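the sequence and its predicted three-dimensional model are supplied below.
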Amino acid sequence: MPFVLRNGVRARKLAQGDMVQPERSRIELVDIARGVALVAMAIYHFTWDLDFFGYIEPGTSVTGGWRIFARCIASSFLFLVGVSLYLAHGGGFRRRSFLRRLAMIAGAAAAITLVTYILFPDSFIFFGILHHIAVATVLGAAALRLPVAALLVLAAAVIAAPHFVQAQFLDHPVFWWTGFSRNVPSTNDFIPIFPWFGAVLLGIAAAKAADRAGLFARLRRIRLDDKLPLLGAAGRHSLAFYLLHQPVLISGLWLFAQVVPPPPPDPGARFLQACIAQCMPHRDEGFCRAYCGCVLDEATAQGRVGDLFATGGSRDAQSWVDNLAIQCSVENNG
């Protein structure tokens with residue numbers, strides 16, 4: 001039966017298990033932080049695009065400081081996912097908004113997979129940042145009621161797990177998304193559950209601790225939208241920004257390339273870029289550079305650089321490439 005509040009507003013009786021949600025005001029600082037992370041992501045992706053089009057040295061965007069920059073961006077995004085999850089559902093689980101948001105993220109992730117499979121079939125995104133956020137949203141919701149100490153211990157375990165969990169059956173493609181596989185193929189974005197879900201758990205723990213300390217109540221009084229309106233708007237519409245920024249950047253670079261074409265690609269540099277990109281998910285950068293450089297040097301000395309790019313070539317060429325890879329792997333493993 002309906003009842004009437006003092007101000008005359010009619011409301012339905014709450015279904016069993018529902019909780020009254022207090023009126024919430026947005027924490028603009030969280031939106032600003034998300035906006036800053038989005039801008040950083042766009043900067044990194046623009047560098048990746050320059051690398052892809054051939055305007056900078058091959059491999060620049062996936063090695064050195066740029067690789068660290070990319071990992072910092074992903075970590076900050078996932079940390080904010082945890083913070084936002086607690087802000088939205090820490091006081092009571094709101095099923096309808098949760099499912100609506102989850103459906104949007106999962107749908108966008110599926111679209112990313114489809115589009116990248118069409119454009120980059122050899123390195124399409126099968127479990128990137130959006131795929132991770134979709135799964136982490138479900139897992140994080142299940143962890144919201146854990147105490148802060150338990151969340152911190154669990155986060156440490158998730159981050160450390162890939163260094164200790166090893167089993168041959170985990171190399172099967174069905175387990176690639178976990179982060180325990182050692183034979184994951186080349187992909188333009190790969191954010192597996194382990195260790196990256198640890199950042200989401202840390203975000204939940206930090207948000208829960210901040211809430212108990214009364215920090216969120218103080219942060220809600222800070223108004224920054226009028227000073228940083230674009231960052232705030234980007235943070236409030238992060239999914240739209242993510243989906244649109246790369247098409248805009250790539251389209252702009254493509255148009256620029258029609259006027260100022262990049263220099264012709266060097267086959268050796270192109271091989272190093274592809275080789276290092278495929279190696280990095282499994283080994284450290286120092287090994288990958290030494291290993292790939294060894295393969296290229298040997299192929300150049302023997303005049304067989306073209307065989308490094310051959311697909312479906314002769315059995316002799318494939319055997320030669322395999323033996324060269326084993327030789328350089330042994331030499332650089334010390």
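Received the coordinates, thanks.

please report the distance of the residue nearest to the spatial centre of the chain from G235.
When CA atoms, centre = their mean is applied to the chain, the residue found nearest the centroid is I129 (3.0 Å). As for I129, its distance to G235 is 16 Å (criterion: CB to CB, to the nearest Å). Where C-beta positions appear, they are placed from N, C-alpha and C, glycine not excepted.

also A299?
48 Å.

neighbour count winner among those two?
Taking neighbours as other CB atoms under 10 Å, A299 and G235 compare with G235 leading, 26 against 20.

distance from the chain centre to stretch 161-172, please.
Put simply, stretch 161-172 sits 21 Å off its chain's centre (CA atoms, centre = their mean, to the nearest Å).

who touches it?
F175, T178, G179, F180, S181, R182, N183, F194, P195 (CB atoms under 8 Å, 6 or more residues apart in numbering).

SS state for the first one?
Which is F175. helix (DSSP: H, G, I helix; E, B strand; the rest coil).

so for it, what's the pLDDT?
F175 is assigned a pLDDT of 94 by the prediction.

could you do G313 as well?
56.

okay, now A233: neighbour count?
Neighbour tally, A233, other CB under 10 Å: 14.

now do the one 3 residues further on
The burial metric for R236, expressed as a neighbour count using other CB under 10 Å, is 16.

and what of L255?
Neighbours of L255 (other CB under 10 Å): 9.

which ones are touching I73?
A37, A40, M41, Y44.

so it sits in a strand?
No - with three-state DSSP as the criterion, I73 is assigned helix and is not in a strand.

tell me the spacing between it and Q302.
41 Å.

same question for C275.
17 Å.

the strands in this protein, which residues?
All strands of the chain, identified by DSSP state E, fall at 3-4, 10-11.

same question for the last one, mean pLDDT?
What strand 10-11 shows for mean pLDDT is 38.

again, but for the first one
Strand 3-4 comes out with an average pLDDT of 38.

got it, and stretch 221-229?
85.

how about that stretch as PDB, C-alpha atoms only?
Only the C-alpha atoms of stretch 221-229 are listed here, as PDB (Å, rounded to 0.1, in the frame of the first residue of the first chain):
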ATOM      1  CA  ARG A 221      31.600  20.500  -0.300                       C
ATOM      2  CA  ILE A 222      34.500  21.200  -2.700                       C
ATOM      3  CA  ARG A 223      33.200  22.700  -6.000                       C
ATOM      4  CA  LEU A 224      35.600  22.600  -9.000                       C
ATOM      5  CA  ASP A 225      33.200  22.200 -11.900                       C
ATOM      6  CA  ASP A 226      33.200  26.000 -12.600                       C
ATOM      7  CA  LYS A 227      37.000  26.100 -12.600                       C
ATOM      8  CA  LEU A 228      37.600  22.900 -14.600                       C
ATOM      9  CA  PRO A 229      34.400  22.300 -16.500                       C
END
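
centre of the chain to it, how far?
With CA atoms, centre = their mean, you get 28 Å for stretch 221-229.

buried set for that stretch?
D225, L228 (16 or more other CB atoms under 10 Å).

for this protein, give me the ranges with low pLDDT.
By pLDDT under 70, the weakly predicted segments of the chain are 1-24, 310-314, 334.

where do the helices sit along it?
Using DSSP state H, the helices found in the chain span residues 28-53, 64-89, 95-119, 129-143, 148-160, 193-212, 215-219, 229-236, 238-259, 267-279, 285-301, 315-332.

and the first one, what does it pack onto?
Spelled out, it's helix 28-53. helix 64-89, helix 229-236, helix 238-259 (3 or more CB pairs under 8 Å, 6 or more residues apart in numbering; DSSP states H and E).

now it: how far from the chain's centre is it?
12 Å.

ok, the fourth one next?
Computed by CA atoms, centre = their mean, the chain-centroid distance of helix 129-143 equals 12 Å.

quick one, it and helix 28-53 angle?
150 degrees (axes from the mean of the first three to the mean of the last three CA atoms, to 10 degrees).

the last one now?
Relative orientation of helix 315-332 and helix 28-53, computed by the same axes, to 10 degrees: 130 degrees.

next, the buried residues of helix 315-332.
Result for helix 315-332 [16+ other CB under 10 Å]: buried residues W320, V321, L324, A325, C328, N332.

of those, closest to V259?
V321 (38.3 Å; CB to CB).

what domains does the record give for this structure?
Structurally, the chain divides into domains by automatic domain parsing as follows: 23-259, 267-332.

for the closest residue to W176 other than its chain neighbours, what are phi and psi?
Sequence neighbours aside, V184 is the residue nearest to W176 in space, at 5.1 Å (criterion: CB to CB, 6 or more residues apart in numbering). The phi/psi pair for V184 (degrees, to the nearest 10) reads phi -70, psi 130.

who's in contact with V184?
Contacts of V184 by CB under 8 Å, 6+ apart are W176, F190, P281, H282.

most neighbours, which of those?
When the contacts of V184 are compared by neighbour count (other CB under 10 Å), F190 ends up highest, at 22 neighbours.
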